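Turn this into a structure:
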Amino acid sequence: MEWTRMLNDAIDYIENNITEELTCEHVADYIYLSGFHFHRTFTILTGMTLGDYIRNRRLSLAAQELLSGKFKVIDVALKYGYQTPESFSKAFSKFHGVIPSQVKREGTILKSFNRLNLIIKLEGGNSMEYKIVNKDVFEVVVLSRLFEDETAKTEIPKFWGAYFSAGYGEKVCGSMGICYQEMNNSSHWRYGIGCEKQYARDIPEGFEILKIPAHTWAVFTCIGAMPDAIQDMWKRIYSEWLPASNYSLLSDFDIEFYYEGDTGSSEYRSEIWIPIKEK
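Predicted coordinates for the structure are as follows:
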C-alpha cells in the first residue's frame, strides 16, 4: 500500500541518518508529504511522536556502543546529539534506569528499542459513516494558538476550556476547530477555534478571519463523548479509510465541526472534514 511504503521509507531515512540532525520537516520532505500530515500519520499509527521514536532509538543504540567498551561516554553523547555528558546522562538514565558509566556492570539491565517496521492491517466489521461534499469558498472567524506535536493531544482540550471560560463562545459560538496545515513547521502548528463568519455575533480582539478555499471534502460522522470520540475517529481515518480509499489528502485546512449538545454524552455528534483529491 502507498501509505505503508511511504512510512517505511521515512523510517529507513531516519535509521540511515540517526546520528544527523533530524526534524519532522526533513523526514516529511524525503517522502514528499507535508510535515503536518506526516507527523499526524506517524503519531496515530505508531502511538508515539516522531521525537520520541528518534530519541528512543538513539538511546538504545548508544547503550549498545557503550556496552562494547570501544567508545567513551563523551564520544557517544556527541554522536547522538547531546552537547554535554550531563544532558546525555540524564536522558540515558531516564530511558534505561541506569547512568552510562554503569552499563558494563555485571547484571545491569538495559532497554532495547528496535527499529519500527510498519504494517497497516485493514480489518472489516466496523462501519464508518462518511460522505463526499463539494463546498465553495467560505470564511470563518477564529481565535488561534500555536501547538507543539509533543503536547497537542492534551493542550488542545485545555485551549477549548479556556476559550469558553473567557466567554468567547457568546460572541463566536465555537462550533469549529481548524488545523492550519499550511502554517506548520517541524514542531509547531496552528489550531483555531471559531465558527463560520455569518454566525459570529461579534469579532473580539485577537480573533482573525480565515478564507477557506473551495475543496472536495471527505466528511466523517463521530458519535461519542469528547475528546475521545473525535481522537478515535482521526485514528480510524488514517489507519482504515485513507489506506483503502481512492483519495489523497490535500495540504490545507482540516476542520472539526461540533454540534450543540452535551459533549460528555455517548450520543454526542461531531464531524471531521478533510480536503481530498482523487488519486
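
all helices for the stretch 101-250 of the chain, in order.
Secondary structure of the stretch 101-250 of the chain (DSSP state H, counting those that start in this stretch): helices at 152-165, 228-236, 242-244.

looking at these, which is closest to residue 180?
helix 152-165 (12.6 Å; CB to CB). Placement of C-beta: from N, CA and C, glycine included.

on that earlier part again, in a markdown table, list the helices of the stretch 101-250 of the chain along with mean neighbour count and mean pLDDT.
What follows is the helices of the stretch 101-250 of the chain, written out as a markdown table (neighbours: other CB atoms under 10 Å; pLDDT from 0 to 100):
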| stretch | mean neighbour count | mean pLDDT |
| --- | --- | --- |
| helix 152-165 | 14 | 92 |
| helix 228-236 | 16 | 90 |
| helix 242-244 | 16 | 83 |
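
Quick check, central residue of the chain?
residue 40 (3.1 Å; CA atoms, centre = their mean).

Contacts only, for the residue lying closest to that residue once chain neighbours are set aside.
Leaving out its chain neighbours, the residue that sits closest to residue 40 by CB to CB, 6 or more residues apart in numbering is residue 238, at 7.0 Å. For residue 238, the contacting residues are 40-41, 44-45, by CB atoms under 8 Å, 6 or more residues apart in numbering.

Got the domain ranges for this protein?
Segmentation of the chain into domains, based on automatic domain parsing, reads 2-102, 130-278.

how about those, which one is nearest residue 119?
For the domains of the chain, the distance to residue 119 is smallest for domain 2-102, at 6.6 Å, taking CB to CB.

Any chance of the helices of the stretch 101-250 of the chain in a markdown table with distance to residue 35 as columns?
Shown next, in a markdown table, are those (distance: least, CB to CB, whole Å):
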| stretch | distance to residue 35 |
| --- | --- |
| helix 152-165 | 13 |
| helix 228-236 | 17 |
| helix 242-244 | 17 |
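
What distance separates the opening and closing residues of stretch 158-171?
Its start and end residues considered, stretch 158-171 measures 20 Å (CA to CA, to the nearest Å).

which residues sit against that stretch?
143, 145, 147, 174, 177, 191, 193, 200-204.

among the residues you listed, who's most crowded?
residue 193 (27 neighbours; other CB atoms under 10 Å).

hang on, that one packs against residue 175?
No - applying CB atoms under 8 Å as the test, residue 193 and residue 175 come out as separate, 9.1 Å apart.
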